[in-house]
Every structure is written in structure tokens, then in C-alpha cells.
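Participant: Coordinates for the following, if possible.
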Amino acid sequence: MTFSLDGLRRWPDVEAPGLVASDAADRLLLDESRSARAGLGDGELTVIGDGYGALTLAAAADGGRGIRVHQDPLTGERALAANAERFGFAGAFASLPLSPELVHGARVVMMRLPRSLEALRDIAGLLAAHAAPDVVVLAGGRVKHMTLAMNDVLRESFARLDVSHARQKSRVLTARAPHDGRDPAPRREQHDGIVVCAFGGAFAGTSIDIGTRFLLEQLPAASGDGATVIDFACGTGVVAAALALRHPGLRVTASDQSAAAVASAVATAEANGVGERVEVVRDDMLGAQPDGSASFIALNPPFHSGAAVHEGIAPRMFADAARVLRPGGELWTVWNSGLGYRPALERAVGPTRQIARNAKFTVTASTRR
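Facilitator: Numbers count the residues shown, from 1 in each chain. Presented below is the predicted three-dimensional model:
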């Protein structure tokens, strides 16, 4: 099959009209990097933040091999693998964590700019520490999501920064001459007796977002009967750590599809002395959890797919939580009251009662039929 950006799919991420698998920023990055990529040897190209494979597979179609790739969401990683299989490029790349192995000796790096400045700082520091001295880093994005602060963050680790002309509301920053490199390390902050650790890009960073804080205030005593207790879409693992701290005999599973979240949740559990009782897994939804295995699930559902707001994400999460809950098990959910999730929870899980409500959020408990 001939490779085409228009032929890419987002699956297993949400697919719907208006949600695309590639965009103008991908095309601009590919055009701006073309001369730098020409003549690269195997293993000299790294791609970071590729949504669904546009950058990686277009580079493979141009002859690139041994491409090293990091994508924070697991759905993006799986979409890349599925798209690569369809187009015959499954052997052209390897998916890796955000680590020295990802960037060691890289001479060209294509990346989509993350929304978080701390995530960009972690990536830039890693590149400056381990990429080739003559590395060329091309970082692109949609203009509406770019800020001048991103230029300043890149200048912390690179001596030269060039800015492309805008095209189709997209722009590319090109960084050269790395210096003062450093490996990413979690930031730490204490809130109400819980130490929160966060790598760049983890939702809410080292703070506790107000929805999670409201959920923490309502959480019931958890069962210690051996059934699984889950912090679903765990972020930095605050709920998992709180449950383990409140119930010394409890074992908790914390699950998220974000690599940054998973690394942060591991660090949070260890910082609070509950690392041996909190198992953190990177998973798409709750795919690794058996049917009917959990007695309790806590959830603060996201409503973004990448940069796009989409109402279909939470109902999919409710349905998967229902699959994993045993009969009589409970899903405790915090949600922005304006989203009106209660009917969806009733349909997907079962009888749903309101536990608490404030000016912005509602906490409900849904019992599995």
C-alpha cells in the first residue's frame, strides 16, 4: 500500500468527524526537516510526540530506518503500530520510553511541541545531555498552542534557535548547539500530608487539581477483602497513594495511558512510602484488568483527546469500569457538574447516587448491577 498521511487512522483512540490523525503541523515539520533527514544513517533519527504515526511513517517512507520514537499516550503508540502494519513499515522504528536510549547519538529530532512547558523542559534537557553534538531539533505545532515561553525553554538547553514562517497556522522551531543537558527528574510538592511527584506533562503537575481534591474528601473506607481497588486515569497517583495511606492493609492498582503519568505515579507512591502496595500500570482504559475483578474504582475522567475536547471519552471509560467491576462493586466518579454524566453512568454501570456536590463538581457512586 502506498503511504499517505490521509490514510492514517487514530484507532484505538477516539475516532469521530473532526478528529484527525495528522495535521498541517505534521506536514510543515516533514517539509522543514527534509534536508536535515537526507543521508541520515540507521538510528540517527528520533521522533518525539508523534500523534498517530504521521512523522515516523512519512520518514520511513522517505527511507528512514532504525527510527526511535517516544509517544506519551499508549493509544498513540498503538495507533502508530497499527498504521505501520497497514503500510508495511512495522520494522522501521522502535517505540521507547523518554530515556537516554531514545536520544543517544541522534543527529536529527522531529517533535511535536507538548502543551506543558515542564514537559518541553524535560525533553530539551534530555536531548542536550545525550543527543549528538551536531543534533538538529525541529519542534513544531499549531500556532494557537505555541507561546514565546517555549522559545525560552528551548534556549535553556540550546544555543541557537530559529523560527520558521507560519504556514497553515503552524510553525517550527529549530534548535541547535546543545548545552547544559540533564536527565528528567520528578518535581515534588506536599499537600495535606501527601507528597505529589510529577514529571513534565503529567496532568496538574505537583498540585492536586480541584476535582481530585473534592473526590479525596468524599472517598469511603475501602474494602480490604482482597478484591482489586483501582485508581483509574490515575495521573500522578494521588488517589492511589491516599487510599494506601488511609488503609495500611490495602493494595491498589493505579492505571493511566500516559507514560509521564505512570512515571509520576510510581514516584508519588514511593515518596509516600506505599510503593510496595501500589502497582502502577500503563494501559489503554483498563484493558489489562480481568472482567469482574475489582470491588472499587475511583475515576476523575479526562475530557480531552490530545488538544481536542470530545464528549465520547468518559462514556468509554464508564463502560470499561463496568466490565472490570464485580457485581455490587462501586465506581466513584468526580465530574464537572455541567457535563451531566449521571445518565451515562446509570446506563453503563448501574444505579448511581450523588455523594456530594459543590459549586463546580459532583461526586457520584455507581453500583455494578
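
Participant: how far away is the residue nearest to Gln168 when sequence neighbours are not counted from Leu154?
Facilitator: Of all residues not flanking Gln168 in the chain, Ala24 sits nearest, at 3.7 Å (C-beta to C-beta, 6 or more residues apart in numbering). No exception for glycine: its C-beta is placed from N, CA and C like everyone else's. Going from Ala24 to Leu154 by C-beta to C-beta, to the nearest Å gives 21 Å.

Participant: Kindly report the same for Met110.
Facilitator: From Met110 to Leu154 the distance is 14 Å (C-beta to C-beta).

Participant: more neighbours, these two?
Facilitator: Remark: of Met110 and Leu154, Met110 carries more neighbours, 30 against 23, as counted by other C-beta atoms under 10 Å.

Participant: Direction included, what does the helix or strand where that one lies pair against?
Facilitator: Take DSSP states H and E as the rule and Met110 turns out to sit in strand 108-112. Taking DSSP bridges as the criterion, strand 108-112 sits next to strand 45-48 (parallel), strand 136-142 (parallel) in its sheet.

Participant: still on that earlier bit, give me the neighbour count for the residue nearest to Gln168.
Facilitator: Around Ala24 there are 16 residues (other C-beta under 10 Å).

Participant: just the one 4 residues further on next, same as before
Facilitator: Here the count is done by other C-beta under 10 Å, and Leu28 has 23 residues near it.

Participant: Run through the bridge partners of the nearest residue to it once chain neighbours are set aside.
Facilitator: Once flanking residues are discounted, Leu28 sits nearest to Ser170: 4.6 Å by C-beta to C-beta, 6+ apart. Ser170 has these beta-bridge partners by DSSP bridges: Arg142, Arg167.

Participant: Can you read off the pLDDT for Ser170?
Facilitator: In this model, Ser170 is scored at 98, pLDDT.

Participant: From Thr46, how far out is it?
Facilitator: Ser170 is 21 Å from Thr46, where distance means C-beta to C-beta.

Participant: Between these two, which has more neighbouring residues?
Facilitator: Thr46 (27 against 22).

Participant: which ones are touching that one?
Facilitator: Ile67, Arg68, Val69, His70, Leu102, Val103, Ala106, Val108, Val109, Met110, Ala131 (C-beta atoms under 8 Å, 6 or more residues apart in numbering).

Participant: Quickly note the distance from the second one to Val109.
Facilitator: Plainly put, Arg68 is 9 Å away from Val109 if you go by C-beta to C-beta.
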